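1. 3D, please:
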Amino acid sequence: MDYQTITLERQDGVAVVTLNRPDVLNALNGQMRAELRHAVAEGGGDARVVVLTGAGRAFCAGQDLGEGPNVAALNLEQVLRDEYHPLVRAITESPVPVIAAVNGTAAGAGASLALICDVVIAAESARFVQAFARIGLMPDAGGTWMLPRLVGPARALGAALFAEAIPAREAADWGMIWEAVPDAAFAVRWQARARQLADGPTLAYREMRAAMRASWGHAFEAHLEDEARRQGLCGQSRDFREGVLAFTEKRPAVFEGR
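-> Below you'll find the model as predicted:
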C-alpha cells in the first residue's frame with residue numbers, strides 16, 4: 001500500500017507506524033483508519049514489535065470532524081463496525097506486542113486507540129481526553145470496554161462524563177498507562193522499550209497477551225485450563241530451551257521468537 005496519512009519504518013525487528021497528519025493533530029479520517037489497519041498487520045508480519053506514535057505535537061485528536069461535507073450525518077454505527085473495529089482488532093490480534101508511544105494529546109478515538117495497545121509510554125506533556133461528551137457522544141473504539149478495566153468504573157465514568165484532560169503523570173498513577181517519561185527522554189525511552197521487546201521471546205509474548213485478554217471473559221477454572229494450554233506451547237519452544245540454557249550458562253538469552 002502507498003501510505004498517504006501515515007509512515008511505516010522497519011529496522012531490526014521494530015516497525016514504527018507514525019500517524020502523519022500533523023496539521024490536524026493526526027485526526028482519524030477514513031483513509032488513515034484503513035492505512036493504520038494495513039500497517040499494523042503488515043508491520044507485524046516481519047517485525048517483533050510494532051510502535052504507534054504521532055507526528056508533530058499530538059498523538060491523535062480522534063475522529064476528524066472535518067471529514068466529508070457533513071460529519072454529523074455519518075452513520076456512526078456503520079463507521080465503527082466497518083472501519084474502527086477492524087483497526088482495533090488488528091491491534092489486539094497482532095502476533096507481536098504493540099506499543100503506543102504517546103508524544104502528545106490523545107483524545108477521543110485517539111485515546112481509545114492508544115489504550116487498546118499492549119503498553120502505553122507517554123511523554124509527560126501528553127494528555128488523555130475522553131472528549132466524546134463534548135460533542136454529544138459516548139466513548140467508542142473499545143473505550144468503554146478498556147478504560148474501566150484499566151482504572152476502575154469510578155474513574156472511567158468520571159473521565160467520560162466530565163471529558164477533562166488527564167495529564168500523563170496522573171494517567172500513570174491511575175494505572176491507565178505503563179509510564180510517563182520526561183519529554184527530553186521520551187524518544188530514547190520508547191525506543192529502548194521497543195528494542196527490549198523485539199529482542200524478547202515473541203511466542204511467549206503472544207501467548208501472555210492472548211491469555212490476559214481472554215481472562216476477562218473466563219471463569220477461573222476455564223482460565224486455568226487455557227493458561228496451562230498456552231504454557232504448554234511456550235514450553236515446547238526453542239526460546240524456552242534457549243532461556244534455560246542461558247540461565248545455566250550465566251549469559252543473556254538470545255531469543256529467536258519461536
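2. phi and psi next, for A41.
-> Note on A41: backbone dihedrals following degrees, to the nearest 10 are phi -70, psi -40.
3. which residue, other than its chain neighbours, is closest to it?
-> Spatial nearest neighbour of A41, excluding adjacent residues (Cβ to Cβ, 6 or more residues apart in numbering): A90 at 5.4 Å. Glycine gets a C-beta too; all of them are placed from N, C-alpha and C.
4. surely the one you found meets G43?
-> No. Counting by Cβ atoms under 8 Å, A90 sits too far from G43 to count as a contact (9.9 Å).
5. between the two, which one's more packed in?
-> Using other Cβ atoms under 10 Å, the more surrounded residue of A90 and G43 is G43, with 24 against 20.
6. that one belongs to a strand?
-> No. The assignment for G43 (DSSP: H, G, I helix; E, B strand; the rest coil) gives helix, which keeps it out of a strand.
7. which residue is nearest the centroid of the protein?
-> Centrality entry for the chain: nearest residue to the mean C-alpha point is C117, 1.8 Å, by Cα atoms, centre = their mean.
8. my read: it touches L52, true?
-> Yes. Counting by Cβ under 8 Å, C117 does reach L52; the two are 6.4 Å apart.
9. R10 looks like it's in a strand, true?
-> Yes. Using three-state DSSP, the secondary structure at R10 is a strand.
10. please name the nearest non-neighbouring residue to it.
-> Sequence neighbours aside, A47 is the residue nearest to R10 in space, at 5.9 Å (criterion: Cβ to Cβ, 6+ apart).
11. mind telling me what element R33 is part of?
-> helix 30-46 (DSSP states H and E).
12. show the average pLDDT along that helix.
-> What helix 30-46 shows for mean pLDDT is 89.
13. just checking, next helix/strand downstream of that helix?
-> Proceeding N to C from helix 30-46, the next assigned helix or strand is strand 49-54, under DSSP H and E.
14. can you list the domains in this protein?
-> Following the assignment in automatic domain parsing, the chain carries domains at 6-198, 202-248.
15. which of those sits most buried?
-> Highest mean neighbour count of the domains of the chain: domain 6-198, a mean of 19 (counted as mean count of other Cβ atoms under 10 Å).
16. ends of that one, what's the gap?
-> Using Cα to Cα, to the nearest Å, one end of domain 6-198 lies 22 Å from the other.
17. quick one, strands of this protein?
-> For the chain, the strands defined by DSSP state E cover 6-11, 14-19, 49-54, 58-60, 98-102, 105-107, 119-123, 127-129, 166-167, 179-181.
18. partner strands of the fourth one and their direction?
-> The pairing partners recorded for strand 58-60 under DSSP bridges are strand 105-107 (parallel).
19. right, I'll call it a day here.
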